[in-house]
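Undergrad: Quick one: sequence and predicted model below, then my questions.
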Amino acid sequence: MPEIRVAIAGVGNCASSLVQGIVYYSRKSEDVIGLMHADICGYKPGDIRIVAAFDIDRRKVGVPLEKAIFAPPNCTKTIDADIPPTGVTVLMGHVFDGVAAHMKQYPPERSFVVADEEPVDVVKVLKERNVDILLNYLPVGSEQAVRYYAECCLESGVSLINCIPVFIASDDDWARRFEEKGIPLIGDDVKSQIGATIIHRTLAKLFNDRGVKLDNTYQLNTGGNTDFLNMLNRERLTSKKISKTEAVQSTLDVPIPAENIHIGPSDYVPWQKDNKICFMRLEGRIFGDIPINCELRLSVEDSPNSGGCIIDAVRCCKVARDRGISGALESISAYTMKHPIRQYPDETAREMVEEFIRGERFR
């Protein structure tokens, strides 16, 4: 099979886990844990090749990718430290609104240190390196920056997998523009393998399917990576809260009133590093209006939790490119993203992806 040529915007913890994971799974021939399939239409994880990377931190720009993924403020656990030379040097990207002002108040080992370099011509790089897919791993709230990279994809014919809650694939106008250009698109806001959102969705659906009236629910998350530090600025959270809340509400026949549901990041705890802790509570009523309460605590390494979903999404996106499919890919977006263009139950979304892989579903 031909390789899948991928560019990354934002060499943070998620990018680090992904790059390490590609190497890790390329060395495994069996017992492949953490992926939907070891092989999708002939494509294996080792067929993914990172050919370009963009960042704005001076500790990463100009540095070989295999070293930059371990540079501060990255703090995720190591999957595979033996990363062979990639031949890729991290290039200076465009800052725009990618760095929140409050980040300057924190020490460099926790925050970003913007490089004093001119941004590269992203479209030129994407074209020269024959990139198939651009992965967007920019910080939450980078509305202007994400739209810039989406425009670069449209201009260069490159697919976009949008891993953060800036609405591109789930926006009708953006999806139409990608479809008119003949480019497949996946998004928005990656849904981790076993994360807070998918567990919350599952429990809410269980309440609903068993005839329980769900009255109130919350999801509070803490973490110590730059994602949580960035989200201390509540102004950057609007799309994130919409994405996570809609993902849960979509499983219910009757949505919970807005004042009775709270879902979103809660606080930054530096010593947690890339470990995310979720506190969840669901309050409802069973037979006879008798109360029932459910509480859950989830602890999971945040960045590796999304890596397998992205490896599956990358391969499905390449299959769509091979088949000449364009626009937002409904099936794999519903399975791997919190805010797809259309919400489906998770078991339905998985079967849709299986149908897409078998060629029985167009998107």
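TA: In hand now; what should we look at?

Undergrad: Can you give me the distance of residue 24 to residue 64?
TA: 19 Å (Cβ to Cβ, to the nearest Å). C-beta here means a position set from N, CA and C on the backbone, and glycine is covered the same way.

Undergrad: which stretches of the stretch 51-200 of the chain form helices?
TA: Counting by DSSP state H, counting those that start in this stretch, the stretch 51-200 of the chain has helices at residues 65-68, 122-128, 143-156, 172-180, 196-209.

Undergrad: for the helix or strand containing residue 227, packing partners?
TA: According to DSSP states H and E, residue 227 maps onto helix 226-230. Packing partners of helix 226-230 (3 or more Cβ pairs under 8 Å, 6 or more residues apart in numbering; DSSP states H and E): strand 261-268.

Undergrad: more neighbours, residue 24 and residue 64?
TA: Neighbour count, other Cβ atoms under 10 Å: between residue 24 and residue 64, residue 24 has more, with 20 against 16.

Undergrad: Any idea how many residues pack against residue 271?
TA: 6.

Undergrad: give me phi/psi at it?
TA: Main-chain torsions, residue 271, degrees, to the nearest 10: phi -70, psi -10.

Undergrad: which residue sits closest to it in space, ignoring its chain neighbours?
TA: Once flanking residues are discounted, residue 271 sits nearest to residue 224: 5.9 Å by Cβ to Cβ, 6 or more residues apart in numbering.

Undergrad: list the contacts for that neighbour?
TA: Counting by Cβ atoms under 8 Å, 6 or more residues apart in numbering, residue 224 makes contact with 75, 268-275.

Undergrad: any idea which of the residues you listed has the most stuff around it?
TA: residue 274 (25 neighbours).

Undergrad: and which of the contacts of residue 224 is nearest to residue 246?
TA: residue 268 (24.2 Å; Cβ to Cβ).

Undergrad: Identify the residue nearest the closest one in space, chain neighbours excluded?
TA: That would be residue 228: by Cβ to Cβ, 6+ apart, it lies 4.4 Å from residue 268.

Undergrad: what residues are up against the one you found?
TA: Residue 228 neighbours (Cβ under 8 Å, 6+ apart): 221-222, 265, 267-269, 276.

Undergrad: One more: residue 165?
TA: 140, 188-189, 239-240, 242-244, 338-339 are the contacts of residue 165 under Cβ under 8 Å, 6+ apart.

Undergrad: Now do the residue nearest to residue 268 against residue 145, distance only.
TA: 19 Å.

Undergrad: And residue 286, by the same measure?
TA: In terms of Cβ to Cβ, residue 286 sits 47 Å off from residue 145.

Undergrad: Give me the more crowded residue out of these two.
TA: Under the criterion of other Cβ under 10 Å, the comparison of residue 286 against residue 145 puts residue 145 first, with 24 against 13.

Undergrad: Quick one: the strands in the stretch 1-150 of the chain, in order.
TA: Under the criterion DSSP state E, counting those that start in this stretch, the stretch 1-150 of the chain contains strands at 4-9, 48-55, 91-92, 133-136.

Undergrad: for the stretch 251-363 of the chain, same thing?
TA: 261-268, 275-285, 291-301, 327-328.

Undergrad: Kindly report which one of the ones you listed carries the lowest mean pLDDT.
TA: When the strands of the stretch 251-363 of the chain are compared on mean pLDDT, strand 261-268 scores lowest, with a mean of 91.

Undergrad: Name the strands paired with that one and say parallel or antiparallel.
TA: strand 213-223 (parallel) (DSSP bridges).

Undergrad: what's the angle from the strand it pairs with to strand 275-285?
TA: 170 degrees (axes from the mean of the first three to the mean of the last three Cα atoms, to 10 degrees).

Undergrad: can you list contacts of strand 213-223?
TA: Contacts of strand 213-223 (Cβ under 8 Å, 6+ apart): 196-197, 200, 204, 207-208, 228, 244, 248, 252, 256, 260-269, 272-285, 302.

Undergrad: and it, how far from the chain's centre?
TA: If you compare the mean C-alpha spot of strand 213-223 with that of the full chain, they lie 21 Å apart, counting by Cα atoms, centre = their mean, to the nearest Å.

Undergrad: List the buried residues in stretch 161-180.
TA: For stretch 161-180, burial by neighbour count (16 or more other Cβ atoms under 10 Å) applies to 161-171, 174-175, 177-179.

Undergrad: scratch that, stretch 16-32
TA: In stretch 16-32, counting by 16+ other Cβ under 10 Å, buried: 16-25, 32.

Undergrad: can you pull the pLDDT of residue 172?
TA: So, for residue 172, pLDDT stands at 97.

Undergrad: distance of it from residue 335?
TA: Residue 172 is 21 Å from residue 335, by Cβ to Cβ.

Undergrad: got it, and residue 11?
TA: 26 Å.

Undergrad: what's the angle from the worst-scoring helix or strand of the chain on mean pLDDT to helix 196-209?
TA: Least confident element among the helices and strands of the chain, by mean pLDDT, DSSP states H and E: strand 261-268 (a mean of 91). Put simply, strand 261-268 runs at 160 degrees to helix 196-209, going by the same axes, to 10 degrees.
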